[in-house]
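J.: fold the following, please.
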Amino acid sequence: MARLQKKRSLEAPELLMAALETVGGPALLLDAELQVVMATEGAKALVGTDLPVGVSAPRLLCGGAVSRPLAEGLARGVAVAASIVRPIPGGGERTLRVRATPVLAHEVRIGWVLMLDELRHEPTSDAPVEFHGLWTRDPALKRVFQIVERAARREVSVLIRGETGTGKELVARAVHDCSPRKAGPFRAINCAALPPALLESELFGHQKGAFTGAVREHTGIFRAADKGTLFLDEVAELPLELQAKLLRVLETRTVLPVGSTDPVPVDVRIVAATHQGLRQAVEEHRFRADLMFRLRVVPIFLPSLRARPLDVALLTDLYVEELNRQGGREVRRVSAGVRAIFERYSWPGNVRELRNVLEYAYVVGDGPALLESELPPELSEGEGEAELPVNQPSVGVTDEVAQVRRALERAGGSRERAAQILGLSRVTLWRRMKALGIQ
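T.: Next comes the predicted model:
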C-alpha cells in the first residue's frame with residue numbers, strides 16, 4: 001500500500017505538468033524567488049537545455065542580454081509578455097514568446113507560471129497577405145488577387161466561381177473597390193432568394209399599380225447601382241424568363257420596369273457568382289448560352305479552404321483575435337488537439353464554417369485555452385447535431401441555458417444567427433429553448 005501511495009505521489013507532478021501543457025502549452029512553474037519548480041517537456045524542447053529544479057529562470061532565459069524585459073517584469077512582480085532569443089542545438093537561433101503570470105494565494109504572490117511558444121518567421125512565399133478583407137498564405141489564392149486587380153481596371157463582366165463560404169461577395173466588392181467605379185454604389189442581390197415575380201421587380205423595378213400591392217413606384221436594384229457595380233449572387237438560379245430580360249439589359253444598357261413601356265438607361269457593371277458551373281447549366285438547358293458568354297468574360301475561381309491547408313491556422317488565429325476584441329472571453333491559445341482536428345476536417349462550409357465553429361467555441365467554453373471539448377459535435381465527435389431531449393432533465397442544464405443565452409446575446413436576439421453560432425438548425429434551437437424554458 002505504501003509503495004502504491006509513493007508511486008502516486010511521484011506521478012502527481014508529471015500529471016500536473018502534462019495537464020498544464022495540454023491546456024496552455026509549454027510552461028514553467030517558478031517559486032516566489034523566481035526559481036524553476038517544474039517544467040513541461042515542451043518547455044525544455046523550446047528552451048533547448050535542461051531546466052533543473054532551483055535554477056534561476058531570469059538568468060537561464062535572459063542570459064547576458066542587455067535588454068531584459070522579462071527579467072525586469074518578474075522583478076517588479078507584474079504580469080509581463082516578452083520575446084527572448086535562444087540558441088538551437090546544432091546551430092542557429094529561435095525567438096520565443098514568454099507570458100509570465102503571477103500565482104496568488106490569499107492575495108499573496110507565491111510563484112509564477114511562464115507560458116512559452118515559438119515565434120516563427122515564415123518564408124516570403126508563404127507570408128500572409130490581406131486583400132480587401134481576404135487573408136491567405138496560399139499561392140493559388142494570391143494569384144486570384146492579382147487577376148481581380150487586373151480585371152477590375154477594365155470594364156468587363158466578371159464571373160466568380162466558388163463553393164459556399166469561400167468569400168465570393170468579398171471578391172465582388174474588391175472588383176468594385178479596385179475599379180474606376182469605386183466612387184459609385186455597390187449593390188448585391190441573391191438570385192436564389194426570391195420567387196421569380198418578386199425577383200423581376202427587385203431587379204428592374206416596377207410602376208405604381210403594375211400588380212396587386214404595387215402601391216408606389218420601385219426603382220429596382222439596377223437603377224440603384226447606376227454608375228456603380230451590381231453583384232448577382234447565385235446567378236445560375238435565375239429563371240429562364242428573367243435570363244432573357246437580363247440579357248436585354250446587358251445588350252441595350254436599359255431596363256424596362258414591370259408595368260412600363262418606356263426603357264430607362266442604366267450604367268452598371270455586372271459581377272456575377274455561382275457555386276456551380278454555368279457550362280453544365282447550359283448543357284442541361286437551365287441557362288442561356290448567350291447570357292453565359294456575356295457574364296463570363298473573366299472567370300475567377302476561388303479555391304476551397306480544404307485546398308488551402310496553410311490558411312486554416314492563419315484564419316483561426318485571425319478570427320480568435322477578432323472574437324477576443326468582442327469581449328466576453330479571451331482565448332490566448334488554441335490547443336494542439338483543436339489544431340489537429342481543424343487540419344483533418346474537410347470544411348464543407350469553407351471560411352464561413354470555420355468562423356462559425358470558433359464562435360460556437362466562444363459561446364460554449366470558458367477560459368484562456370480553446371479545447372477540443374468546445375467544438376461542435378460534427379468536429380469533436382464526427383456526428384451531426386446533438387439535440388437536448390425534450391422534457392428530460394440532464395446534467396449541466398445550467399450550462400446549456402448559459403450557452404444558449406450567450407449565443408442569443410452575441411446574435412443580437414436573432415434565433416437564426418444564434419443557431420449558426422451553436423451549429424444547430426433553427427428548429428433544433430427552438431426545441432432546445434423550449435426544453436430549457438428560455439423565452
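
J.: can you give me the strands for the stretch 301-439 of the chain?
T.: In the stretch 301-439 of the chain, the segments counted as strands under DSSP state E, counting those that start in this stretch are 333-334, 369-370.

J.: how far out from the middle of the chain is the last one?
T.: For strand 369-370, the gap between its own C-alpha mean and the chain's C-alpha mean amounts to 16 Å (C-alpha atoms, centre = their mean, to the nearest Å).

J.: measure how buried residue 324 is and give me the count.
T.: Residue 324 has 14 neighbours, counted by other C-beta atoms under 10 Å. The C-beta positions use only the backbone N, C-alpha and C, and glycine is treated the same way.

J.: was I right to think it contacts residue 333?
T.: No: between residue 324 and residue 333 there is no contact under C-beta atoms under 8 Å: 11.6 Å.

J.: and whatever helix or strand residue 248 lives in, what does it pack against?
T.: Taking DSSP states H and E as the criterion, residue 248 maps to helix 240-252. Helix 240-252 sits against helix 196-204, helix 289-295, with contacts defined as 3 or more C-beta pairs under 8 Å, 6 or more residues apart in numbering; DSSP states H and E.

J.: quick one: average pLDDT of the shortest one?
T.: Per-residue pLDDT over helix 289-295 has a mean of 94.

J.: cool, stretch 52-72 as well?
T.: For stretch 52-72, the per-residue pLDDT averages 77.

J.: what comes up buried for it?
T.: Neighbour-count burial for stretch 52-72 flags 57-58, 60-62, 68, 70-71 (criterion: 16 or more other C-beta atoms under 10 Å).

J.: now the stretch 151-300 of the chain, which segments are flagged as low pLDDT?
T.: 208-215 (pLDDT under 70).

J.: tell me where it has strands.
T.: Using DSSP E, counting those that start in this stretch, strands in the stretch 151-300 of the chain cover 158-161, 186-190, 228-233, 254-255, 264-265, 268-274, 298-301.

J.: of all these, which one is nearest residue 109?
T.: With C-beta to C-beta as the measure, strand 186-190 is the member of the strands of the stretch 151-300 of the chain nearest residue 109 (55.2 Å).

J.: list the residues that contact the residue most central in space within the chain.
T.: Centroid-nearest residue in the chain, with C-alpha atoms, centre = their mean: residue 355, separated by 3.0 Å. Residues counted as contacts of residue 355 (C-beta atoms under 8 Å, 6 or more residues apart in numbering) are 315, 319.

J.: could you dump the helices and strands packed on helix 240-252 into CSV with mean neighbour count and distance to residue 171 added?
T.: Below are the helices and strands packed on helix 240-252 laid out as CSV (neighbours: other C-beta atoms under 10 Å; distance: least, C-beta to C-beta, whole Å):
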stretch, mean neighbour count, distance to residue 171
helix 196-204, 18, 21
helix 289-295, 17, 15
